[in-house]
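Student: With the sequence up front, the predicted model follows.
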Amino acid sequence: MTQDDALAHAAIRDTLARYNMAGDRLRVEDFCATFTEDGVLETGTYTLTGRAGIRAWMSGFRPAGSLSAKPARVPRFVRHHLATCQIDLTGPDTAPDSAQVRTYWMVLTDIGPDHAGLYVDRFRREDGRWLIAHRKARTEWFAPESYFAPVS
């Protein structure tokens, strides 16, 4: 790994952390700033396109009300924790300022482990910053009492 590769890896991990810290605290502008202007946030439920679309969703987000069948239950805290992270920088035959990233994550709330899954990302370097160009957030597990479990 070259020094430039190591710096790219560190910058991508920094963006991952900023995304989760901002999301946990509902800091809309900080959250949106982790995406490229045309970034996409995709889940099994919705696809948001561009910072404007992500901003509109994040501005109206209510932790239990938008994702849970139990709107009266609101977590006292939400903390995303990142685990294994695989970063593959693309080579000169594609786009040298992009990367494919896969990261395991788990969310803790006041019930303990709440839900967990995987981010499948495409990052792009713009103006010296590594930003999320496309994120597919897959939730693979919910606790029985999860605040965020989909309505069944």
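Tutor: Yep, that arrived.

Student: ok so residue 58 is a helix residue?
Tutor: Yes - with the criterion set as DSSP: H, G, I helix; E, B strand; the rest coil, the secondary structure at residue 58 is a helix.

Student: For residue 60, see how far away residue 51 is.
Tutor: For residue 51, the distance to residue 60 under the criterion C-beta to C-beta, to the nearest Å works out to 15 Å. For the C-beta atoms, the positions are set from N, CA and C on the backbone; glycine is no exception.

Student: These two: which is more packed in?
Tutor: Set side by side, residue 51 and residue 60 show unequal neighbour counts under other C-beta atoms under 10 Å, the larger going to residue 51 at 21 against 10.

Student: That one touches residue 30, doesn't it?
Tutor: No - with contacts counted by C-beta atoms under 8 Å, residue 51 stays clear of residue 30, the gap being 11.9 Å.

Student: Could I get the buried residue list for the longest helix along the chain?
Tutor: Among the segments of the chain that qualify as a helix by DSSP state H, the longest is helix 3-24. In terms of neighbour count (16 or more other C-beta atoms under 10 Å), helix 3-24 has its buried residues at 8-9, 11-13, 15-16, 19-20, 22-23.
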